[in-house]
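[1] For reference, the sequence and a predicted model appear below.
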Amino acid sequence: MHDDRSITEQRLRRVLDERVRPAVHSRVLPLTVERWDVPGEPVPVTEALAAAYGPCAVGDTWGPAWGTTWFKVTGTVPVECAGRTVEAVLDLGFDRMMPGFQCEGLVHRADGTEVKGLNPYNDWVRVADRAEGGERIEWYVEAASNPVLVAHAPTYEGDRRTSGEQPLYRLARMELTVFETEVWDLVQDLDVLAELMEQLDTSDARRHGILRALERALDALDLADVPGTAAAARAELAEVLATPAAPSAHRISAVGHAHIDSAWLWPLRETVRKVTRTTANVVQLMDDHPEFVFAMSQAQQLAWIKEHRPELFERIKKKIADGQFVPVGGMWVESDTNMVGGEAMVRQFLYGKKFFMDEFGIEPREVWLPDSFGYTAALPQIVRLAGAQWFLTQKISWSRTNPFPHHTFWWEGIDGTRVFTHFPPVDTYNSDLGGAQLAHAARTYREKGRGSRSLVPFGWGDGGGGPTREHLARARRQRDLEGSPRVEVERPDSFFDKARAEYPDAPVWAGELYLELHRGTYTSQAGTKRGNRRSESLLREAELWAATAAVRVPGYAYPYEDLERIWKTVLLHQFHDILPGSSIAWVHREARATYVRVREELSALTLAAQLALAGQGSTPLVFNCAPHARRGVPAGGAGTPAPAAAPVTLEERHGGGYVLANGLLLVEVDGRGLIVSAYDLRARRETLAPGAAANLLQLHPDFPTMWDAWDIEEYYRHQVTDLVDLDTLEVTEDTGQAATVTVTRSFGDGSTATQSVTLRADAGTVDLTTTVDWREREKFLKAAFPLDVKAERTSAETQFGHVQRPTHTNTSWDAAKFEICAHRWIHAEEPGWGVALANDATYGHDVTRTVRPDGGQTTTVRVSLLRAPRYPDPETDQGTHTLRHALVPGATIDDAVREGHWLNLPERTVPGERPVVPLVSVDHPAVVVEAVKLAEDRGGDVLVRLYECRGGRAAAVLTTAFPVGAATATDLLERPLESTAVGPLREDGTVALTLRPFQIVTVRLHRT
């Protein structure tokens, strides 16, 4: 037989696109359209319904960037359409290639209730399954003219303050039509079979059987009368669509989903509308398809719907009760996990799950984070302590260097906790359930022979939209179809139950799930990152002092509502495109302003509690919120600090510069303002490599291959400029308490840097403050610290512990980690001696090692200070930034933890009459108090969260300083937990603690 495959396939494509798809909607009748252009920001529905509408016609332009236009659409069903299925097609000017990244709409009835959303793949509205002639239509469409910002090129359209006023869209269709059900079904048949055929090998008889069936269907179709011959064409396809899948076919659990970024290429206010449009579509689709199951994460998004669209929220609640709409994830938002602090990560689950349980009576069992940029090794323990059993991610498929070896596995965290994890082989969280994607999932699935199933999230996402009726049609046709994986639409927990049952001994991956991409997100948008870190620290302070005042001061009321509201604000801004710095300018402008408000409010709450505790008086009392005593002031208490034992001295240095000493350290700053010696007098040991200089600013070009705000490439290291020239150098002294050398430098395109090196009395740290007026474009600024330490690995703080990474590049896995994340500190050591570098707001670091001619090893730790990518925010980080660090010679892990907390939790001085005794104290330096607060149930009990920080075992005693009736262990949701780590309350008010390495323990102290 002659090979005519290509001719038949080309024929199919043309007939499908030019004749069959257009025939789905017939008997077109124009609708009447009027418009109202909203002046400014979006308005409530009631205001829009009452507005004065003007004339409008198809073909008219509308919508400047970020504008809103309301279209009033009216019409009457013709008598000749009576009894037929009638739909309106409302095309706002869509580009079919970019659902979620352009204009969108939400259709309302005349009473203001939602009908459904409009997007490129959902531009229809059902009038009636069996229409009545003369039926009147009146709809109001809220149309959002969101600009298209996906070109990865600098643009000022990402902020309403800088975007243009020209219309972006042209109204394309506003028509009443007859929906030809048989033609629509034919389209689905042809789509599924064509895509399946393309995935089969040309030697496979099944491929040729499908080809001939498609040929017969095309022959049966009269192109001049597609509606009249669609049934005959479908009949020719019935046999190949009914052939069942092989018994060994891969099994796919298809879960409806719409991964909606809470902010990204659109501001937060637009996300509120995106989730409304998407969920309106979802519940409408559920009404028509009872088999449809949809999973939605992010409690914040459902909270928005509850606040702004209560009628829609009630419809969602009904679908949740019916089991079709499934809340998943249990987090407030799909947050970043690299940079979010430990306690904030706990609150993501606490407030996320609390919302789901309070509103719907449901506690999700899985953690759903498909798109975050890597996953901390602390997460498995947090996941399990939050009551979850499973973890799902997709983003690791984006790693550029090393393919991840598993799709279903046990993930082991830093403490040894394991969580059952799935990484869908479909390699997308926005699947269309097409043949190519399903074949890819089956082909690449790495657990063959041991496991047989994977999960596929389907539906338009990122910018929303969700599943469509076409997706469900594909699922039905591929439920049991030869050549295709078996597709079952079902809930995520059904998949996980089955996957774990068939593969309980899945392989283990220990440590972080490092994404070998998007490493620049540890540094981009420094203002947002600084705001997050400050907010996390301020929340710790506010809760500690408010809890202490609530226990100690009669009449003081713990600010439950204020703290919860502020926590939720901070948690929202930890979303994985806000905190990482990968959103448009509008998002980060608002974030910076929000953090200012958060700081002001938390500072006021903290001061009110401290004043209540201090009482009336004029004695300066120093409040120490850190978990370690400081200058004689106990951790979590207040008092008068002890005087310094030895003063700081300042002398001129031979050859230029200055020498600072305090009996613990001797620091030399040369004439360039660089640190050339940091001598540990206790250990009689030099910190810096011979001939090297520390606190050296280094400027690199920064132009990645594509993802500007997201990525740095290893090749940036090929070019570097050391910033050693100075403008000024000056010294200041504070009567023996401190000495500072300050240098200013000019560089690049008008940027300046002011660097201060300070040594304080009795301090084992060199304090470093860097203020940069940043005017660079596509540059990367780092500060280098070349250490005379033979470190095989570094330890970097993560949530509730630290993660160790090798300093060598033996393997491609090691080499790919050329930029790493650390929280408040990074530590390098050789046996017996180490160095820590603490920070107050930076996360990105890199570590390299070289061998010197003298045989010694230099381990260079560099901290990433600033970047200047131009997409999606063309003005990223332009302006002034102040960044603080502390170099800690001779540091152990304990020292690193302590100095990291001290740098981030500064002392506060308040006048008063009495010292404040801490509510609780711990007697073991490896056991760190992370949080002290009142219980969420508002019963007045005190919650204390602690963790082991060294990575070893610790037996400690928790001492209470207030009346306590009992002590119990709880999970992160503050529910009783069976735990051997927490002993019973003893008569002297103490509790014995026994912690495993990096174990997190939460103790509820029941007040009497």
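    Okay, I see it.
[2] CA atoms for contacts and neighbours, from now on please.
    Will do.
[3] For the stretch 151-300 of the chain, which segments count as strands?
    For the stretch 151-300 of the chain, the strands defined by DSSP state E, counting those that start in this stretch cover 169-170, 173-179, 251-257, 294-296.
[4] which one is Asp941 nearest to, not counting chain neighbours?
    His1006 (5.0 Å; Cα to Cα, 6 or more residues apart in numbering).
[5] can you tell me which residues contact that neighbour?
    Shown in contact with His1006 (Cα atoms under 8 Å, 6 or more residues apart in numbering): 941-942, 964-967.
[6] what's the answer for Gly463, then?
    99-101, 259-261, 274.
[7] What helices and strands are in contact with the host helix or strand of Trp411?
    Per DSSP states H and E, Trp411 falls inside strand 408-412. Using 3 or more Cα pairs under 8 Å, 6 or more residues apart in numbering; DSSP states H and E as the contact definition, the elements that strand 408-412 packs against are strand 418-422, strand 508-510.
[8] End to end on stretch 775-784, go ahead and measure it.
    Using Cα to Cα, to the nearest Å, the span of stretch 775-784 from its first residue to its last is 21 Å.
[9] Then stretch 253-263?
    28 Å.
[10] Are any of the contacts of His1006 buried, and if so which?
    Buried members of those, scored by 16 or more other Cα atoms under 10 Å, are 941-942, 964, 967.
[11] I'd guessed Gly989 sits against Ala967; true?
    No. Contact criterion Cα atoms under 8 Å: Gly989 and Ala967 do not qualify, at 9.5 Å.
[12] Test for you: state the pLDDT assigned to the residue nearest to Asp941.
    pLDDT for His1006: 98.
[13] which stretch of helix or strand covers it?
    Here His1006 is assigned to strand 1000-1007, by DSSP H and E.
[14] buried sites along that strand?
    Judged by neighbour count (16+ other Cα under 10 Å), strand 1000-1007 contains these buried residues: 1000-1006.
[15] Pick the one among those closest to Arg793.
    Using Cα to Cα, Ile1000 comes nearest to Arg793 of those, at 24.3 Å.
[16] Which phi and psi values does the closest residue in space to that closest one that isn't next to it in sequence adopt?
    Leaving out its chain neighbours, the residue that sits closest to Ile1000 by Cα to Cα, 6+ apart is Tyr947, at 4.4 Å. The phi and psi values for Tyr947, taken as degrees, to the nearest 10, are phi -150, psi 160.
[17] any idea how far Thr994 is from Tyr947?
    From Tyr947 to Thr994 the distance is 11 Å (Cα to Cα).
[18] These two: who's more crowded?
    Neighbour count, other Cα atoms under 10 Å: between Tyr947 and Thr994, Tyr947 has more, with 23 against 18.
[19] Let me know the distance separating that one from Thr959.
    Tyr947 is 16 Å from Thr959, by Cα to Cα.
[20] Columns mean neighbour count on top of the strands of the stretch 151-300 of the chain, output as CSV?
    Converted to CSV, the strands of the stretch 151-300 of the chain look like this (neighbours: other Cα atoms under 10 Å):
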stretch, mean neighbour count
strand 169-170, 20
strand 173-179, 24
strand 251-257, 26
strand 294-296, 25
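[21] and of those, who's closest to Val803?
    Val803 lies closest, by Cα to Cα, to one member of the strands of the stretch 151-300 of the chain: strand 294-296, at 31.5 Å.
[22] Which residues outside that closest one are in contact with it?
    255-259, 282, 324-328, 491-492.
[23] Which of those fall in helices?
    If you go by DSSP state H, the contacts of strand 294-296 have 282, 492 in helices.
[24] Just confirm Glu899 contacts Asp840, I think it does.
    No. Using Cα under 8 Å, Glu899 is not in contact with Asp840; the gap is 10.3 Å.
[25] more crowded one of those two?
    Taking other Cα under 10 Å, Glu899 and Asp840 do not tie; Glu899 has more neighbours (27 against 23).
[26] Tell me the one among the contacts of His1006 nearest to Glu412.
    Scanning the contacts of His1006 for proximity to Glu412, where the rule is Cα to Cα, the winner is Ala967, at 29.4 Å.
[27] sorry, back to before: any chance of the strands of the stretch 151-300 of the chain in CSV with distance to Val757 and mean pLDDT as columns?
    Listed next are the strands of the stretch 151-300 of the chain as CSV, based on distance: least, Cα to Cα, whole Å; pLDDT from 0 to 100:
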stretch, distance to Val757, mean pLDDT
strand 169-170, 56, 98
strand 173-179, 66, 97
strand 251-257, 52, 98
strand 294-296, 50, 98
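[28] Now render the buried ones among the contacts of His1006 as TSV, adding pLDDT, secondary structure and distance to Lys782.
    Output for these, formatted as TSV (pLDDT from 0 to 100; DSSP: H, G, I helix; E, B strand; the rest coil; distance: Cα to Cα, whole Å):
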residue	pLDDT	secondary structure	distance to Lys782
Asp941	98	coil	46
Val942	98	strand	43
Val964	98	strand	50
Ala967	98	strand	47
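[29] which one of the residues you listed is nearest Trp509?
    Trp509 has its nearest neighbour among the buried ones among the contacts of His1006 in Ala967, at 35.4 Å by Cα to Cα.
[30] What confidence value was assigned to Pro647?
    Pro647 is given a pLDDT of 95.
[31] and it, what does it touch?
    So Pro647 contacts 662, 736-738, 761-762 (Cα under 8 Å, 6+ apart).
[32] rewinding a little: can you say which of the helices and strands packed on strand 408-412 is packed in most?
    Highest mean neighbour count of these: strand 418-422, a mean of 23 (counted as mean count of other Cα atoms under 10 Å).
[33] Walk me through which strands that strand pairs with, and which way each runs.
    strand 390-392 (parallel), strand 408-412 (antiparallel) (DSSP bridges).
[34] Can you add mean neighbour count and give those strands back as CSV?
    What follows is the strands paired with strand 418-422, written out as CSV (neighbours: other Cα under 10 Å):
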stretch, mean neighbour count
strand 390-392, 24
strand 408-412, 24
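[35] With respect to Val58, which of these lies nearest?
    The nearest among these, by Cα to Cα, is strand 390-392 at 44.7 Å.
[36] can you list the residues that contact that closest one?
    Looking at what lies outside strand 390-392 - Cα under 8 Å, 6+ apart - the contacts are 365-370, 419-424, 496.
[37] What is the nearest of those residues to Pro504?
    Phe420 (8.8 Å).
[38] contacting residues for the closest one?
    Contacts of Phe420 by Cα under 8 Å, 6+ apart are 389-391, 408-411, 500.
[39] again, 6 Å this time
    Contacts here follow Cα atoms under 6 Å, 6 or more residues apart in numbering; on that basis Phe420 touches 390, 410.
[40] quick one: pLDDT of it?
    pLDDT, read off for Phe420, is 98.
[41] now swap in Leu579 and tell me
    In this prediction, Leu579 carries a pLDDT score of 98.
[42] quick one, what contacts it?
    Applying Cα under 6 Å, 6+ apart, no residues contact Leu579.
[43] same deal with the one 4 residues further on?
    Contacts were defined as Cα under 6 Å, 6+ apart; by that measure Ser583 touches 264-265, 577.
[44] before we move on, back to that, what's the farthest-apart pair in the contacts of Pro647?
    Maximum pairwise distance among these (Cα to Cα): 10.5 Å, between Gly736 and Asp762.
[45] neighbour count winner among those two?
    Asp762 (19 against 15).
[46] Excluding chain neighbours, give the residue nearest to that one in space.
    Closest residue to Asp762 apart from its sequence neighbours, by Cα to Cα, 6+ apart: Ala644 at 5.9 Å.
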